[in-house]
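Visitor: quick check, what structure comes out for this input:
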Amino acid sequence: MPAGIVAAKAMLHQWEEPVLSGTNGAGCVFFSGCNLRCCFCQNKPISQGEGGKVLTAERLREIFHELIGQEAACLDLVTPTHFTDAVLEALGDEEWPVPVVWNCGGYERVETLKTLEGRVQIYLPDLKYALERPARELSCAGDYFPVAAAAIDEMLRQVGPYVIGEDGLMKSGVIIRHLVLPGQLENTKAVIDYVSAHFPPHTVLFSLMSQYTPQPGASGALARRLNHAEYRAAVRYMTDCGITDGFCQELSSAKEEYTPAFDLQGI
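Guide: Numbers count the residues shown, from 1 in each chain. Sure thing, here's the model as predicted:
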């Protein structure tokens with residue numbers, strides 16, 4: 001990606017976790033490019049393609065204000081890591097009226113995250129893998145787990161245990177997302193084991209996601225959708241491990257329409 005910001009869409013998004021979307025939706029800005037190469041990415045047209053438009057930091061700041069003017073529940077920055085410096089310039093020193101959400105793949109350098117301290121109120125990282133083999137084979141990142149684990153610890157250090165206001169919206173904290181992949185139940189169980197053992201109760205929220213949708217060219221188990229037995233097993237394992245703070249996405253969420261069209265709307 002170039003040094004300037006590249007983004008593909010800005011919109012009110014209704015399909016984030018309820019504590020982020022609220023009534024009107026999260027104010028999402030979808031950035032182009034990514035620091036991972038997940039073969040199953042549902043945003044592949046922008047994460048690994050050439051979609052998007054180059055923006056200045058000044059224009060990005062205007063977009064933030066436009067989303068707030070539409071009564072967005074938060075500013076949800078989707079895959080912003082590789083534009084960190086420019087995003088910080090756009091955020092400036094302003095105290096924004098809604099939380100700023102850093103929505104990322106979890107593959108973050110602690111040194112980069114430290115530059116965000118005090119500027120981001122909610123961290124929304126994936127924890128895609130706890131096992132090395134699927135991380136290497138599916139995302140070209142065999143070191144994913146140790147990198148993501150250190151990153152999430154830094155996120156929690158910055159923002160502390162989650163806080164949800166009387167309006168039901170999250171004010172600060174960490175939500176860890178995990179997408180259950182077909183044929184990868186052991187990896188999901190390893191992720192749940194880690195989260196349940198590593199984080200004390202009422203510290204982080206955990207979001208178990210079922211929305212995997214096969215992408216063109218997918219092979220093996222990834223060529224099919226998650227089945228009911230796999231997802232029931234994942235939900236049951238999460239419950240048995242004592243994780244009660246969080247969300248379990250409905251299996252019906254595995255639909256193409258839940259992925260927006262990256263058509264430069266709002267950019």
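
Visitor: and the helices in the stretch 151-267 of the chain?
Guide: 185-198, 228-240 (DSSP state H, counting those that start in this stretch).

Visitor: adding distance to Pro18 and mean pLDDT as columns, could you present these in JSON lines?
Guide: Any C-beta I mention is one placed from the backbone N, CA and C, and that applies to glycine too. Formatted as JSON lines, the helices of the stretch 151-267 of the chain follow (distance: least, Cβ to Cβ, whole Å; pLDDT from 0 to 100):
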{"stretch": "helix 185-198", "distance to Pro18": "20", "mean pLDDT": "98"}
{"stretch": "helix 228-240", "distance to Pro18": "17", "mean pLDDT": "97"}
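
Visitor: let's have those in TSV, adding mean neighbour count and distance to Ile267.
Guide: Listed next are these as TSV, based on neighbours: other Cβ atoms under 10 Å; distance: least, Cβ to Cβ, whole Å:
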stretch	mean neighbour count	distance to Ile267
helix 185-198	18	34
helix 228-240	15	35
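
Visitor: could you export the ones you listed as JSON lines, including distance to Gln215?
Guide: Shown next, in JSON lines, are those (distance: least, Cβ to Cβ, whole Å):
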{"stretch": "helix 185-198", "distance to Gln215": "18"}
{"stretch": "helix 228-240", "distance to Gln215": "18"}
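
Visitor: so for Arg119, which of those helices sits nearest?
Guide: helix 185-198 (25.5 Å; Cβ to Cβ).

Visitor: which strands or helices does that closest one pack on?
Guide: strand 170-179, helix 228-240 (3 or more Cβ pairs under 8 Å, 6 or more residues apart in numbering; DSSP states H and E).

Visitor: as a markdown table, the ones you listed with distance to Ile5 would be great.
Guide: Output for the helices and strands packed on helix 185-198, formatted as a markdown table (distance: least, Cβ to Cβ, whole Å):
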| stretch | distance to Ile5 |
| --- | --- |
| strand 170-179 | 24 |
| helix 228-240 | 36 |
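
Visitor: pull the contacting residues for the spatially most central residue of the chain.
Guide: By Cα atoms, centre = their mean, the chain has its centre lying nearest to Asn103, at 4.0 Å. Residues in contact with Asn103 (Cβ atoms under 8 Å, 6 or more residues apart in numbering) are Cys28, Asp76, Leu77, Val78, Thr79, Pro80, Leu124.

Visitor: how about 7 Å then?
Guide: Asp76, Leu77, Val78, Leu124 (Cβ atoms under 7 Å, 6 or more residues apart in numbering).

Visitor: most neighbours among these, which one?
Guide: Neighbour counts for those, by other Cβ atoms under 10 Å, peak at Asp76, which reaches 29 neighbours.

Visitor: which stretches in this protein count as strands?
Guide: For the chain, strands defined by DSSP state E occupy the ranges 5-13, 26-31, 53-55, 75-78, 100-104, 122-125, 163-164, 170-179, 205-209, 246-248.

Visitor: can you redo the ones you listed as JSON lines with distance to Ile46 and mean pLDDT?
Guide: JSON lines is the format used below for the strands of the chain (distance: least, Cβ to Cβ, whole Å; pLDDT from 0 to 100):
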{"stretch": "strand 5-13", "distance to Ile46": "4", "mean pLDDT": "96"}
{"stretch": "strand 26-31", "distance to Ile46": "6", "mean pLDDT": "98"}
{"stretch": "strand 53-55", "distance to Ile46": "11", "mean pLDDT": "95"}
{"stretch": "strand 75-78", "distance to Ile46": "10", "mean pLDDT": "98"}
{"stretch": "strand 100-104", "distance to Ile46": "14", "mean pLDDT": "98"}
{"stretch": "strand 122-125", "distance to Ile46": "18", "mean pLDDT": "98"}
{"stretch": "strand 163-164", "distance to Ile46": "31", "mean pLDDT": "98"}
{"stretch": "strand 170-179", "distance to Ile46": "18", "mean pLDDT": "98"}
{"stretch": "strand 205-209", "distance to Ile46": "19", "mean pLDDT": "98"}
{"stretch": "strand 246-248", "distance to Ile46": "25", "mean pLDDT": "95"}
